[in-house]
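*Asks:* return atomic coordinates for the entry below.
(3 chains)
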Amino acid sequence: MSATGLLDLAAVFVFALSGGLAASRAQLDIVGFIFVAALTAVGGGTVRDVLLDRDQVFWVAEPRYVLAASVAAVLVFFTAHIFESRYRALLWLDAAALAVAVPAGVGVALSMEQPAVIVLIMGVSTGCFGGLMRDVVCNEVPLVLKQGELYVTAAFAGAAAGLCAVWIGAGNTTVLLSAGIATLALRAGSLAFGWQLPVYKSRPPRV
Amino acid sequence: MSATGLLDLAAVFVFALSGGLAASRAQLDIVGFIFVAALTAVGGGTVRDVLLDRDQVFWVAEPRYVLAASVAAVLVFFTAHIFESRYRALLWLDAAALAVAVPAGVGVALSMEQPAVIVLIMGVSTGCFGGLMRDVVCNEVPLVLKQGELYVTAAFAGAAAGLCAVWIGAGNTTVLLSAGIATLALRAGSLAFGWQLPVYKSRPPRV
Amino acid sequence: MSATGLLDLAAVFVFALSGGLAASRAQLDIVGFIFVAALTAVGGGTVRDVLLDRDQVFWVAEPRYVLAASVAAVLVFFTAHIFESRYRALLWLDAAALAVAVPAGVGVALSMEQPAVIVLIMGVSTGCFGGLMRDVVCNEVPLVLKQGELYVTAAFAGAAAGLCAVWIGAGNTTVLLSAGIATLALRAGSLAFGWQLPVYKSRPPRV
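*Replies:* You can find the predicted model right below:
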């Protein structure tokens, strides 16, 4: 299994955990857990593969990804009650999944020798679309769009860090690690310390 | 026209009726009816065809599917007022469409000799995504996710019933019939008698 | 660059402006602006290209489209406050983008020698799906579905006008112009003068 294959598997599992938590907040039954978990888990990578017109969507080629998502969903169904705040747990699991999915997107785009701007977009898309689908389907406020948080920005910075590593001639592992670490650092900083970029204000305060 | 082609046509027509009813609840004009009906009607099959990377999406290959959806939309535009409860009618039409779309998805995946887990997923996706798009676009609560109802579960059980029929060596017609009947039985049982699986409860009652 | 290429570029830029305005209403940061603008800008054309199974999605083939969307997003981030009503500006920008995207969809489908009904659908899809994604993601009421307005209808009439021009043997430029002008005329008439088709009423007034 290739490095991006392993990253895809890890992202699938962790995103599926976050999808399971969203399903628990919507009080679904176990098949609903599996549905939401699988959608979240493979959503971003599916968008990437359809956009890049890969020979096969990754989980159609190797169905074990879907099985991993199902296992995660069942796991959450029976253990979600142990979290004091399931929303808080969802946020952190989502952050971890983002930090794995962004390098997975970057790695696939690089292996197809796409230009830099497409590598950036695939990193961001693989990272963001699974969680976006989860939130739209479950009627949560999309994390992608919560104001005053770094989310798309973290994914973007992670993909950019991966590209920088490519430009200075780093090896494949270093590239993927840079992308993951930069994403996680910014997203975690935003969750823990409230890091943010200035947001658009319609009416700035006047002096 | 093949068996799965006929199933697709039937699913398209019935899903389009349900889309028309959703459009009537949103008080759209006749072109809006056609838009929502067509989206609902071909949404699930389109997702299936894109995921499986079929040569052509089924309704691009044979546009008569879209015409069928348009006819259904116009029909509903002029007759929706005869239903005492349009939401109730929507629920039952949707159940009928689900019971046709699941075997259509199973049939296509089998004809492409996909492994069992992919057959399951294509049955569920073809069944569920059209209605999901309808509900997201029309701001209805997604039926897929209404707690305390069998919906994804019915689709899942139907696809599994089809697979079982394959494993015991049944012919093509029996496989498709098994999938459709199992789906309809569970979904109708849920609508009529309130059948459900236990849902996740965040705080179980204590003794 | 071909005529449809130029139309795509224009549609991308104007849709991106409208996406930026939606992002300003959601008070996002600058990366959020770029994300929403890019999604709105390339959404419709991406749906078209995936459905028609073109060799490559247009912006993967030529990433300058995404750069154009990013420029538009940055522009809006720094200038949106000059609009007295950002929602009004969004409506008119969206109308302009619709009038460019519909001919872009028609042109691509014609160049692939698709049958008339597919040309119609691609005109409507290219026009409508970018704005629909923008509105679903930003939690705005989808413009596609606002009752008492011509939106899908304008796109549909524009695509039909383009087809009529083809049937009377007009040249490529005339076809695209007809589609654009008809779309814009109807959509602008709806915004400025309240033109509409009769909508479905559940309970017509009795005499």
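*Asks:* got the residues of chain A near chain B?
*Replies:* A:23-36, A:38, A:46, A:50, A:55-57, A:60, A:63, A:66-67, A:77, A:80-81, A:86, A:136-139 (C-beta under 8 Å from any C-beta of the partner chain). C-beta coordinates here come from the backbone N, C-alpha and C atoms, glycine included.
*Asks:* okay, helices next: where are they in chain A?
*Replies:* A:3-25, A:30-51, A:58-61, A:64-79, A:86-111, A:116-137, A:152-167, A:172-193 (DSSP state H).
*Asks:* columns distance to B:K201, mean pLDDT and mean neighbour count on top of those helices, output as a markdown table?
*Replies:* As requested, the helices of chain A are exported to a markdown table (distance: least, C-beta to C-beta, whole Å; pLDDT from 0 to 100; neighbours: other C-beta atoms under 10 Å in any protein chain shown):
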| stretch | distance to B:K201 | mean pLDDT | mean neighbour count |
| --- | --- | --- | --- |
| helix A:3-25 | 9 | 86 | 25 |
| helix A:30-51 | 13 | 91 | 27 |
| helix A:58-61 | 31 | 89 | 20 |
| helix A:64-79 | 11 | 92 | 20 |
| helix A:86-111 | 12 | 89 | 24 |
| helix A:116-137 | 21 | 90 | 25 |
| helix A:152-167 | 34 | 93 | 23 |
| helix A:172-193 | 27 | 92 | 20 |
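*Asks:* TSV for the ones you listed, including distance to B:Y200?
*Replies:* Formatted as TSV, the entries for the helices of chain A read as follows, by distance: least, C-beta to C-beta, whole Å:
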stretch	distance to B:Y200
helix A:3-25	5
helix A:30-51	7
helix A:58-61	25
helix A:64-79	6
helix A:86-111	10
helix A:116-137	16
helix A:152-167	29
helix A:172-193	25
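*Asks:* now distance to chain C too, for these, in a markdown table please.
*Replies:* Formatted as a markdown table, the helices of chain A follow (distance: least, C-beta to the nearest C-beta, whole Å):
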| stretch | distance to chain C |
| --- | --- |
| helix A:3-25 | 17 |
| helix A:30-51 | 6 |
| helix A:58-61 | 15 |
| helix A:64-79 | 21 |
| helix A:86-111 | 10 |
| helix A:116-137 | 4 |
| helix A:152-167 | 4 |
| helix A:172-193 | 11 |
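*Asks:* just so I know, which of those helices lies nearest B:K146?
*Replies:* helix A:30-51 (9.3 Å; C-beta to C-beta).
*Asks:* now the closest one, how far from the chain's geometric center?
*Replies:* 11 Å (C-alpha atoms, centre = their mean, to the nearest Å).
*Asks:* ok so, going back, which of the helices of chain A sits closest to C:V108?
*Replies:* Comparing those by C-beta to C-beta, helix A:30-51 comes nearest, at 16.8 Å.
*Asks:* report the angle between the axes of the closest one and helix A:3-25?
*Replies:* Using axes from the mean of the first three to the mean of the last three C-alpha atoms, to 10 degrees, the direction of helix A:30-51 lies 140 degrees away from that of helix A:3-25.
*Asks:* send over helix A:30-51 as CSV, restricted to the C-alpha atoms.
*Replies:* C-alpha atoms of helix A:30-51 as CSV (Å, rounded to 0.1, in the frame of the first residue of the first chain):
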residue,chain,number,x,y,z
ILE,A,30,-26.8,2.3,13.5
VAL,A,31,-27.3,2.2,9.7
GLY,A,32,-27.6,6.0,9.8
PHE,A,33,-24.3,6.1,11.7
ILE,A,34,-22.7,4.1,8.9
PHE,A,35,-24.2,6.2,6.2
VAL,A,36,-23.0,9.5,7.6
ALA,A,37,-19.7,8.1,8.7
ALA,A,38,-19.0,6.7,5.2
LEU,A,39,-20.2,9.9,3.5
THR,A,40,-17.8,12.0,5.6
ALA,A,41,-15.0,9.6,5.3
VAL,A,42,-14.8,9.2,1.6
GLY,A,43,-16.5,12.5,0.5
GLY,A,44,-13.4,14.6,0.1
GLY,A,45,-11.3,11.9,-1.6
THR,A,46,-14.2,11.1,-3.9
VAL,A,47,-14.5,14.7,-5.0
ARG,A,48,-10.7,14.7,-5.6
ASP,A,49,-10.8,11.5,-7.7
VAL,A,50,-13.8,12.6,-9.8
LEU,A,51,-12.2,16.0,-10.5
